[in-house]
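> Below are the sequence and a predicted model for it; my questions follow.
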Amino acid sequence: MSKTIKFTKMHGAGNDYIYVDTSLYGIDNPEAAAVKWSDRHKGIGSDGLVLIDKSPIPEADFSMRIFNADGSEAMMCGNASRCIGKYLHDKGLTDLTEIRLLTLSGIKTLSLHLRVDGTTESVTVDMLAPTLTCRSQLATTDGTMTDGEVEAGDRTFRGTFVSMGNPHFVIFTDNIDDIDIARYGAILEHHPLFPERCNIEFAEVEDNGNIRTRVWERGSGITMACGTGACATAVAAALTGRSPRHCTIVMDGGELDIRWDETDGHVYKTGPAEFVFDGETEYT
Ligand SMILES: N[C@H](CCC[C@H](N)C(=O)O)C(=O)O
């Protein structure tokens, strides 16, 4: 028995997702829906599927789940969290401009920056503190890696592990355009070093201090931007002395402002959130 589902397409710096309010539409197989709907030729086309709901606990206002284009569920999505803030406010589902969002990696606070007409121009998200030691996500003896060597096919890369709930491996290079990201990103995503697979960032610190970063996302491949990846890149750059704790991450789809706060240790990410279109699709 099929039913009509209303969805909204949005993107954060080009990282585009399909958003469904599951307080209105039950999606009992989100993994399969994510695969079907993300297909850019036979489906709606997106980097994945984001489900929004009311929070089941009083400590948060709303909740989110995120599924990559391959159907795998992730702990968190930085770009989607900003779009959720815009979605909830601009669709009149809340008049809060500080929204507590429950995710699988904790409660993130979204601070909306509104235009004169009241619509959401950009959003700052308290992404909480990074995790630098995580034996379940990094198979080293101590669960950490800072500028460590990893073999990937015919190349050796040096990278730093940072978890923002979801795992990231940040590789700094002097020439980002010299790296075949589709080839080496795919190898590294599935590297035995990463028991839960991994998001892979390739980053080049530019003369003006900005960090140009391209990303191969776990479960979605090359995307135009990755919010948690931008946070991980900024943390890895500060950790290894390549950048101060406040920097701009320049991704293919746009720029994200990242600040790793010295006082509370949290990472604050500010960036755009764009509405693309509302649509309907059949769900069986
Ligand atoms: N591919 C990621 C989830 C999406 C994160 C990304 N799109 C972001 O903006 O943080 C993972 O499997 O951990």
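Cool, the structure landed.
> Let me know the secondary structure of the nearest residue to His168 once chain neighbours are set aside.
In space, and not counting its chain neighbours, His168 is closest to Ala232: 3.5 Å by C-beta to C-beta, 6 or more residues apart in numbering. C-beta here means a position set from N, CA and C on the backbone, and glycine is covered the same way. At Ala232 the chain is in helix, as set by DSSP: H, G, I helix; E, B strand; the rest coil.
> Tyr87 too?
Three-state call for Tyr87 (three-state DSSP): helix.
> What is the neighbour count of it?
Close neighbours of Tyr87, defined as other C-beta atoms under 10 Å, add up to 22.
> For it, which residues are in contact?
Going by C-beta atoms under 8 Å, 6 or more residues apart in numbering, Tyr87 touches Thr8, Met10, Tyr19, Ile52, Leu93, Phe275.
> Enumerate every residue touching the fourth one.
Residues touching Ile52, when contacts are defined by C-beta under 8 Å, 6+ apart, comprise Tyr19, Val20, Asp21, Thr22, Ser23, Phe62, Ser63, Met64, Ile84, Tyr87, Leu88.
> ok, the fourth one touching Lys54?
Right, the one you point to is Thr22. No: between Thr22 and Lys54 there is no contact under C-beta atoms under 8 Å: 9.3 Å.
> if you count what's nearby, which of these two comes out ahead?
The neighbour count for Thr22 versus Lys54, taken as other C-beta under 10 Å, is higher for Thr22 (17 against 13).
> Give me the three-state assignment for the residue lying closest to Pro167 once chain neighbours are set aside.
Distances taken as C-beta to C-beta, 6+ apart put Gln137 closest to Pro167, at 4.0 Å, once the chain neighbours are dropped. The assignment at Gln137 comes out as coil when based on three-state DSSP.
> Thought Phe169 was touching Gln137, still the case?
No: between Gln137 and Phe169 there is no contact, the gap being 9.7 Å when judged by C-beta under 8 Å.
> Show me which of these two is the more surrounded one.
Set Gln137 next to Phe169 and count neighbours by other C-beta under 10 Å: Phe169 wins out with 30 against 22.
> Helix or strand for the more buried one, just tell me which one.
strand 167-172 (DSSP states H and E).
> Quickly note the distance from the residue nearest to His168 to the ligand.
For Ala232, the distance to the ligand equals 9 Å [C-beta to the nearest ligand atom, to the nearest Å].
> Thr213 now?
Distance, Thr213 to the ligand, by C-beta to the nearest ligand atom: 12 Å.
> one step back: show the pLDDT at the residue nearest to His168.
The model reports Ala232 with a pLDDT of 98.
> Would you mind listing what in the chain touches the ligand?
15, 66, 68, 74, 77-79, 166, 199, 217-220, 226-228 (C-beta under 6 Å from any ligand atom).
> Now list the buried members of those.
15, 66, 68, 74, 77-79, 166, 199, 217-220, 226-228 (16 or more other C-beta atoms under 10 Å).
> Identify the residues contacting Met251.
Here Met251 is in contact with Ala13, Gly14, Arg212, Thr213, Arg214, Val215, Met224, Ala225, Cys226, Ala230 (criterion: C-beta under 8 Å, 6+ apart).
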